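Engineer: how does the following fold in three dimensions:
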Amino acid sequence: MTVRLAIAALAIGQTIVWAGTYYFFPAMLLRWETVEGWPKTTLTAAFAAALVLTALVSPLAGRLIDRGRGPQTIAGLAFVAAGLVALLPFAPNIWVFAALWLAIGICMGGCLYEPCFALITRTRGAAARRAITMVTLVAGFASTVSFPLSHYVSREADWQTAAFVFAGLIAFAGAPLLLFGARTLEHAHGAAGAAAPAETAHGGIAAAAERTVAQVLRSPVFLLLALAFALLSLNHAVIINHILPILDDRGVSPEQAVLAASLMGPMQVAGRVAMMLSERHLSNHVITTYCFGALLLATVCLFTASFWPLLIFAFVVLQGSGIGIFSIMKPVMTRDLLGEKNFGAIYGSLALPTMLAFALAPFLGTLLWAAGGYDFAIMVIGALTLAGLIAFRAASAQAHAAAGAGPRPS
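Structural biologist: Take a look at the predicted model:
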């Protein structure tokens, strides 16, 4: 019961912190442009740079989590983020405003999903997947909290008041909940004593279990897995950041385009629920393979929607469910293929290329569009997704061969 309460606290805390940091930026972007007169290009460039810093911080946060300092790291940086959000209204110009967002980006690298999932995996072991699923089911509604609340407060008062509201929510609710949840899991983990060597899903000791972090980071399994995860994240980030102009290019009406984009979040939650209902019958490898296959098929649907617009809704179902499940399977497959030892440092390093791809994807999408239009961009993204699927299967085969288990069945 105590562990369940801790997971619930992490889920609600993550929802609040995501809503008040990451999603607060897109929710307020138009108001900063119109009210303050700040150019959108400069604002979005600052946010992209903040996400790059988020990625760079992840390995360090993972190392702190490995040392048992997860509660202080996650909750402490969430509290610092609250203070920085509260300072946004006092920024005298766009450059100070951008500098504050860079600092918020550093905080996000230590308090959002990646460090939270690393802590859960460290403390829950083989039971981590269910706990991570529960966190994402709740925190998946962070945008649903952020956009309406920020719009209402800004309309009734101003965006500065909205910043104070979210800063207060993070400081007095989000950060304390994260501290309680993380500390409770650490205490439960410590009380359980030294655990036996963790086994991977196929029943063998993880090949990386006795290797140093540096050795794991140079291994073919790690490099292939990093490439696979980065390419899948690139697919979603390019498409979701260009979704409205892509759909307009497909001849989809503005109303249908907005509806399709708004259904992406609910489809992520639906995918996670479907995974929970079927997880007893499917291996982690099969579920992760579905993520790659779903996004690949979604890309095909998006490309062919010019001929049959109804394929847009098949695209939404596949894209949303695939990426929703993927956020859960990233730490799970990392543990399965690379082991639990030094998991925080390894997972943080694995998250680095993924988060960099996510940060740079909007610009890459623009470059591809400029080079050959959205048809060309979609084809390139589809090819990269297929390459990601091949890399993932190669990583899995390498890990099983190294563990002496032979190749994994399809």
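
Engineer: quick one, longest helix in the chain?
Structural biologist: Taking DSSP state H as the criterion, the chain has its longest helix at helix 343-402.

Engineer: quick one: mean pLDDT for it?
Structural biologist: Helix 343-402 comes out with an average pLDDT of 90.

Engineer: what do you get for stretch 17-33?
Structural biologist: 89.

Engineer: contacts for it, please.
Structural biologist: Residues outside stretch 17-33 that contact it (Cβ atoms under 8 Å, 6 or more residues apart in numbering): 38-40, 43-44, 47, 78, 81-82, 85, 97, 101, 104, 107-108, 111-112, 139, 142-143, 145-147, 149-151, 154, 159, 162-163, 166-167, 169-170, 174-175, 178. In short, each C-beta sits where N, CA and C put it, glycine included.

Engineer: straight-line length of that stretch, end to end?
Structural biologist: Stretch 17-33 stretches 24 Å from its first residue to its last (Cα to Cα, to the nearest Å).

Engineer: can you list the buried residues in it?
Structural biologist: By 16 or more other Cβ atoms under 10 Å, the buried positions in stretch 17-33 come out as 17-25, 27-28, 31-33.

Engineer: excluding its backbone neighbours, what's nearest residue 64?
Structural biologist: residue 73 (4.6 Å; Cβ to Cβ, 6 or more residues apart in numbering).

Engineer: look up how far residue 175 lies from that neighbour.
Structural biologist: Using Cβ to Cβ, to the nearest Å, we find residue 73 at a distance of 12 Å from residue 175.

Engineer: ok, residue 325 touching residue 270?
Structural biologist: No. The pair residue 325 and residue 270 fails to qualify as a contact (Cβ atoms under 8 Å) at a distance of 10.0 Å.

Engineer: between these two, who's got more neighbours?
Structural biologist: Legend: neighbour count by other Cβ atoms under 10 Å for residue 325 and residue 270, higher for residue 325 (23 against 16).

Engineer: ok, that one - contacts?
Structural biologist: 271-272, 275, 287, 290-291, 294.

Engineer: let's see 6 Å
Structural biologist: Going by Cβ atoms under 6 Å, 6 or more residues apart in numbering, residue 325 touches 271, 275, 291.

Engineer: ditto for residue 240
Structural biologist: By Cβ under 6 Å, 6+ apart, the contact set of residue 240 is empty.

Engineer: and it, what element?
Structural biologist: helix 220-241 (DSSP states H and E).

Engineer: in that helix, what counts as buried?
Structural biologist: Here helix 220-241 shows 221-241 as buried, counting by 16+ other Cβ under 10 Å.

Engineer: what's the helix or strand just after it packed up against?
Structural biologist: Remark: after helix 220-241, the chain's next helix or strand is helix 243-249, criterion DSSP H and E. Packing contacts for helix 243-249, counted by 3 or more Cβ pairs under 6 Å, 6 or more residues apart in numbering; DSSP states H and E, involve helix 254-262.

Engineer: how far off centre is the helix it packs on?
Structural biologist: Put simply, helix 254-262 sits 23 Å off its chain's centre (Cα atoms, centre = their mean, to the nearest Å).

Engineer: can you check stretch 368-376 too?
Structural biologist: 26 Å.

Engineer: and the closest residue to residue 327 other than its chain neighbours, how far from residue 234?
Structural biologist: Spatial nearest neighbour of residue 327, excluding adjacent residues (Cβ to Cβ, 6+ apart): residue 136 at 5.7 Å. Using Cβ to Cβ, residue 136 is found at 20 Å from residue 234.

Engineer: and if you look at residue 98?
Structural biologist: 25 Å.

Engineer: and for residue 157, the neighbour number?
Structural biologist: By the criterion of other Cβ under 10 Å, residue 157 has 12 neighbours.

Engineer: hang on, the earlier thing: and the contacts of stretch 17-33, which of them are buried?
Structural biologist: Neighbour counting over these (16+ other Cβ under 10 Å) leaves 38, 43-44, 47, 78, 81-82, 85, 97, 101, 104, 107-108, 111-112, 139, 142-143, 145-147, 149-150, 154, 159, 162-163, 166-167, 169-170, 174-175, 178 as the buried ones.

Engineer: narrow those to those in strands?
Structural biologist: Per DSSP state E, strands hold no members of these.

Engineer: so what's the backbone phi/psi at residue 140?
Structural biologist: Torsion angles at residue 140 (phi, psi; degrees, to the nearest 10) stand at phi -60, psi -20.

Engineer: which secondary structure element is home to the residue lying closest to it once chain neighbours are set aside?
Structural biologist: The shortest distance from residue 140 to any non-neighbouring residue, by Cβ to Cβ, 6+ apart, is to residue 269 (4.9 Å). Residue 269 is part of helix 264-278 when elements are defined by DSSP H and E.

Engineer: domain map for this structure?
Structural biologist: 2-191, 213-402 (automatic domain parsing).

Engineer: any residues touching stretch 369-380, and which ones?
Structural biologist: Taking contacts as Cβ under 6 Å, 6+ apart, the residues outside stretch 369-380 that touch it are 246, 249, 302-303, 368.

Engineer: what residues are up against residue 138?
Structural biologist: Applying Cβ under 6 Å, 6+ apart, we find residue 138 in contact with 11, 15.

Engineer: also residue 316?
Structural biologist: Residues counted as contacts of residue 316 (Cβ under 6 Å, 6+ apart) are 260, 263, 267.

Engineer: select only the buried ones of those in PyMOL?
Structural biologist: In PyMOL syntax, the buried subset of these is picked out as below (16+ other Cβ under 10 Å):
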select buried, resi 260+263+267
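
Engineer: with distance to residue 13 and pLDDT added, can I get the contacts of residue 316 in CSV?
Structural biologist: Below are these laid out as CSV (distance: Cβ to Cβ, whole Å; pLDDT from 0 to 100):
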residue, distance to residue 13, pLDDT
260, 31, 82
263, 26, 81
267, 24, 89
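
Engineer: cool, thanks, talk later.
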